[in-house]
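In: Provide a 3D model corresponding to the input given below.
(one chain, ligands or ions: 1)
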Amino acid sequence: MHNKTLAEIARDLEAKNYSSVEVTQHFLDRIKNLDAKFNSFITVTADHALAQAQAADAARAEGKAGPLTGVPIAQKDIFCTQGIKTSCGSKMLDNFISPYDATVVKKFNNAGCVMLGKTNMDEFAMGSSNENSFYGPVVNPWQENTVPGGSSGGSAAAVAARLTPGATGTDTGGSIRQPAALCGITGLKPTYGRVSRYGMVAFASSLDQGGPMTQTAEDAALMLNVMAGFDERDSTSLDVDTPDFTATLNKDLKGMTIGLPKEFFDERLSPEMAKQIDAVKNELTKLGINFKEISLQATALSIPAYYIIAPAECSSNLSRFDGVRFGHRCENPKSLKDLYERSRAEGFGTEVKRRIMIGTYALSAGYYDAYYLKALKIRRLIHNDFENAFTEVDAILGPTTPTPAFKIGEKSDDPISLYLSDIYTTAVNLAGLPGISIPCGQINNLPVGCQLIGPRLQEARLLNIAHQLQQHTDWHKQAPQIEAN
Ligand code: GLN
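Out: Numbers count the residues shown, from 1 in each chain. The predicted structure follows:
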């Protein structure tokens, strides 16, 4: 049962092959038996899940079921869940019980989905390996000494290990696509503003975007149908129509043109990775797609620009965690200053502190123009590069990451080398565009992914291409070998 996709489970529930309570119990048992090894969940909400499953079965019996009623999913622990701990992977919020649901959570509840639990993540979504979590690293189910990627590493590992058929993630600079690639699953970062950020703990507000992490593109479309939509509680939410993302999955691809940025395929790309992308290109060519070389010159500057803008925004967003209003408070504060200083010193981990310091520095008088303003100008150039490219091509193809999963501990003392694992993903956030990572084979028995990038609001086009590719290949069906213990 656990190898089934969301779409298959939805069909089985509709056909009454089993109940929501049965499928929910099955996944809860799997989490219980296997997750000690992977650490992909911070909180498992078994009672809550079974109550939701019962309600879903009752709704179905009354003929009130929607497309995903009774289907289990997991939520990244960055989304606020009423009455349930929302830690954001941090000691700072270890004791935080949210008084309200994030819009995304509310939408899944309204759709009748069952929440199995909250998944592990890098603290405040800062990281690319899930080693920055207060709750310990997540293990990649493909190889136990490797990382699952980050920051949505818990969600990616849980889907790969078939502990849940789907999970939410958030992507500020690659955190849906990079772990999806490293765990051999499908991950979609929607257009900035497509999915509400209300109740999603803020890291870098102009970049953060929630999205689905699933086995297939079809499942990503099903989840995005639930997640997307205007929200008046998020001032950056886009007031645009939400299409049915499943409606165009089977559209003919003939005559479409995909761009290959020469900056993604230069000497820095390993021959092994180039070979996997070539295989994708061959399959897409068979489906009638044409390819064209393009240039995205400014993307070379995306990592430096991102590592000014994201820390700048985080230093401001995280100032609210002061020991007064939320989360961790130090013992016996001697003064207000002592309360702030010790609560923050004790509550935040090393990487979060590093980002707050860099961000505060970049925004301070005298440095603002040199760093922050400069980074914003580069951001505009990156945006313009994509805009020009999309006058010639319908989508862009490249690798999601430079390498497959690396070893736990391998990069933890070298933040810069860790930052470089997002070299192909951060530009997409800086430009606010949609991007999807889909599995495209293995290198040394570890999965790798390719990334399709689309023009603003063209998620449906990316899902169409990815779904067609998945209809003709089986890279997305490969799963890690996991023995139950
Ligand atoms: N790895 C990047 C970072 O550390 C991106 C994180 C994310 O997308 N949340 O900032």
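
In: residue contacts, the residue nearest in space to the middle of the chain?
Out: Nearest to the mean C-alpha position of the chain, by CA atoms, centre = their mean, lies I176 at 2.2 Å. Listed by CB atoms under 8 Å, 6 or more residues apart in numbering, the contact set of I176 reads 152, 169-170, 187-189, 211, 213, 437. Any C-beta I mention is one placed from the backbone N, CA and C, and that applies to glycine too.

In: Same list, those, but as a markdown table with pLDDT and distance to Y368 please.
Out: Formatted as a markdown table, the contacts of I176 follow (pLDDT from 0 to 100; distance: CB to CB, whole Å):
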| residue | pLDDT | distance to Y368 |
| --- | --- | --- |
| S152 | 98 | 31 |
| G169 | 98 | 32 |
| T170 | 98 | 27 |
| G187 | 98 | 34 |
| L188 | 99 | 34 |
| K189 | 98 | 29 |
| G211 | 98 | 32 |
| M213 | 99 | 36 |
| S437 | 98 | 34 |
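
In: what's the farthest-apart pair in the residues you listed?
Out: Spatial extent of these (CB to CB) is set by the pair T170 and S437 at 14.3 Å.

In: what about this protein, any weak spots by pLDDT?
Out: For the chain, applying pLDDT under 70 flags the ranges 483-485.

In: Which elements pack onto the helix of greatest length in it?
Out: Counting residues, the longest helix found in the chain (DSSP state H) is helix 20-38. The contact analysis (3 or more CB pairs under 8 Å, 6 or more residues apart in numbering; DSSP states H and E) places helix 20-38 against helix 6-14, strand 41-44, helix 46-61, strand 72-76, strand 114-119, helix 153-160.

In: winner for burial among those?
Out: Of all these, helix 153-160 carries the top mean neighbour count, a mean of 35, counting by mean count of other CB atoms under 10 Å.

In: ok, and what's touching the very next helix or strand once past that one?
Out: Using DSSP states H and E, the helix or strand that follows helix 153-160 in sequence is strand 166-170. Residues external to strand 166-170 that are found in contact with it (CB under 8 Å, 6+ apart): 6, 71, 73-76, 78-79, 104, 119, 125, 151-152, 154-156, 158-159, 175-176, 179-180, 187, 200, 203, 208-215, 219, 223, 227.

In: Distance-wise, check the residue sitting furthest away from the middle of the chain relative to the ligand.
Out: Relative to the C-alpha centroid of the chain, counting by CA atoms, centre = their mean, K334 is the outermost residue, at 40.9 Å. K334 sits at a distance of 34 Å from the ligand (criterion: CB to the nearest ligand atom, to the nearest Å).

In: Specify the local secondary structure of that residue.
Out: Put simply, K334 is coil when judged by DSSP: H, G, I helix; E, B strand; the rest coil.

In: got the residues of the chain near the ligand?
Out: Within the chain, the positions adjacent to the ligand are 125-128, 151, 171-175, 203, 310, 422 by CB under 6 Å from any ligand atom.

In: Quick check: closest non-adjacent residue to I309.
Out: Excluding its sequence neighbours, the residue lying closest to I309 (CB to CB, 6 or more residues apart in numbering) is A375, at 5.1 Å.

In: no no, S152
Out: G169 (3.3 Å).

In: That neighbour - how many residues pack around it?
Out: G169 has 32 neighbours, counted by other CB atoms under 10 Å.

In: For it, name its beta-bridge partners.
Out: Beta-bridge partners recorded for G169 (DSSP bridges): G211.

In: from now on call the first residue 49
Out: That works, and once the first residue is 49, the last one we named lands at G217.

In: so which of the contacts of I224 is the most crowded?
Out: Going by other CB under 10 Å, S200 tops the contacts of I224 with 38 neighbours.

In: Surely it and M261 touch.
Out: Yes. At 6.4 Å, S200 counts as touching M261 under the criterion of CB atoms under 8 Å.

In: Find residues that contact each of those two.
Out: Residues touching both S200 and M261 by CB under 8 Å, 6+ apart: 215, 217, 224, 227, 235.
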